[in-house]
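**Q** Following is a predicted model, sequence given first.
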Amino acid sequence: MSGPVAVNDLPSPTTPVDEVETSCVEITEDREAMVGHMKVRRALPRRGRRTVGAWCFADHMGPAEVTEESGLDIGPHPHIGLQTVTWLIDGQVLHRDSLGSEQVIRPGQLNLMTAGHGVAHSEEATGQYRGKLQGIQLWIAQPEGTRHGAAAFEHHVDLPQIATPGADVTVLVGSFTADATSPARHDTALVGVDVVFHGGASNLPLRNDFEYALVVLAGGLTVDQRNVTPGHLAYLGRGRDELGLHAEGATRALLIGGEPFDEPLVMWWNFVARSRDEMAKAYDDWQNETSRFSYFPSPIVRILAPSPYWLRAGS
Ligand code: MN
């Protein structure tokens, strides 16, 4: 449930992208990718839509059957300049990182890892869980003010939950209403909520200075006469005070939003930075096992980075 971000996730230089729209419904199709042994549907980044607020990556993973000894099986790999948000619908995953964290995550719990200048982690089978595994991992780009800072890891088991007419909302990050704020750290103004729709009409409060998008995990939603189903990102623009929705039976979705992120991002592999030189330095530090990404023990083999495509001969 982590990268890598590949060249074909990103816009071509000739494609105008990331316009902040007013109150639209812009639907992009996810790209299927393999992460570890799991099939994922990548909703962000996509050609034409790289960010929603500071949200810059979203992989809907599974559902798939896992065993006690084999599941995600993502060996140690590095990150810089981003936070990873891990949220499970079914199953369990063991998180280990270079800060010494060792944490099993279950549905309803949030793992939030801040990479800053550099961190490494793995995502492993738990040794005890067998059954269905499904979840979503998102990345949040860190702003200039924090992206060179220290790494950190948080695990939250007690997140705000709100029952609204037609939907139950869990607040992962940020504030959904004045009295529903997640305890999770955030470095920019943003929000991320899990919404379980009962079927039929519902209405969610929004901030009109945030841009938003929906990722439907199961079921289907209608927004402004447009149907949104799993495998797509529905970008909603900004300027809305509320969002009227119609759910086709039991439906589950993630609503992400935030102030438009105006720092120029460069994304490659598991890194979020501002220049190719920064990427190349992070690549060297990982390949050469410098102290930037501290060692930690894992039963899974360490993942080596592909060589940066812009440094390859002939490119
Ligand atoms: Mn990762």
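**A** Okay, I see it.
**Q** Which parts of the stretch 1-150 of the chain are helices?
**A** Here the stretch 1-150 of the chain has its helices, by DSSP state H, counting those that start in this stretch, at 144-147.
**Q** so where is it shaky, pLDDT-wise?
**A** 1-3, 7-8, 10-18 (pLDDT under 70).
**Q** Mind doing that once more with 80?
**A** Low-confidence segments of the stretch 1-150 of the chain (pLDDT under 80): 1-21, 36-37.
**Q** Touching, residue 239 and residue 22? I think so.
**A** Yes: using CB atoms under 8 Å as the test, residue 239 is close enough to residue 22 to be in contact (4.5 Å). Where you see a C-beta, it was placed from the backbone N, CA and C, and this is true even at glycine.
**Q** Where do the helices of the stretch 201-315 of the chain begin and end?
**A** Counting by DSSP H, counting those that start in this stretch, the segments of the stretch 201-315 of the chain that form helices are 276-287.
**Q** just to revisit the earlier point, between residue 239 and residue 22, point out the one with more neighbours.
**A** Taking other CB atoms under 10 Å, residue 239 and residue 22 do not tie; residue 239 has more neighbours (15 against 10).
**Q** Quick check: closest non-adjacent residue to residue 250.
**A** Computed as CB to CB, 6 or more residues apart in numbering, the closest residue to residue 250 that is not its neighbour in sequence is residue 219, at 5.7 Å.
**Q** Would you enumerate the residues in contact with the one you found?
**A** The contact partners of residue 219, taken as CB atoms under 8 Å, 6 or more residues apart in numbering, are 197, 230, 247-253.
**Q** among those residues, who's most crowded?
**A** Highest neighbour count within the contacts of residue 219: residue 197, with 27 neighbours (other CB under 10 Å).
**Q** Now do the same contact list for the closest residue to that residue other than its chain neighbours.
**A** Leaving out its chain neighbours, the residue that sits closest to residue 197 by CB to CB, 6+ apart is residue 247, at 3.6 Å. Residues in contact with residue 247 (CB under 8 Å, 6+ apart) are 166-167, 197-200, 202, 219-222.
**Q** swap in residue 143?
**A** Residues counted as contacts of residue 143 (CB under 8 Å, 6+ apart) are 54, 187-188, 261, 263.
**Q** Would you mind listing which of those residues are buried?
**A** Among the contacts of residue 143, those classed as buried by 16 or more other CB atoms under 10 Å are 54, 187-188, 261.
**Q** Output the residues you listed in JSON lines, with distance to residue 148 appended to each entry.
**A** As requested, the buried ones among the contacts of residue 143 are exported to JSON lines (distance: CB to CB, whole Å):
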{"residue": "54", "distance to residue 148": "16"}
{"residue": "187", "distance to residue 148": "12"}
{"residue": "188", "distance to residue 148": "15"}
{"residue": "261", "distance to residue 148": "17"}
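**Q** Tell me the one among those nearest to residue 139.
**A** Closest approach between the buried ones among the contacts of residue 143 and residue 139, by CB to CB: residue 54, at 9.0 Å.
**Q** wait, doesn't the closest one sit right on residue 188?
**A** Yes: between residue 54 and residue 188 a contact is recorded at 4.5 Å, counting by CB under 8 Å.
**Q** got any residues that touch both of these two?
**A** 140, 143, 258-259, 261.
**Q** from those, which two are the most distant?
**A** Greatest spatial distance in the shared contacts of residue 54 and residue 188: 140 and 259, 12.2 Å, computed using CB to CB.
**Q** Among these two, which residue is more densely surrounded?
**A** The neighbour count for residue 140 versus residue 259, taken as other CB under 10 Å, is higher for residue 140 (28 against 16).
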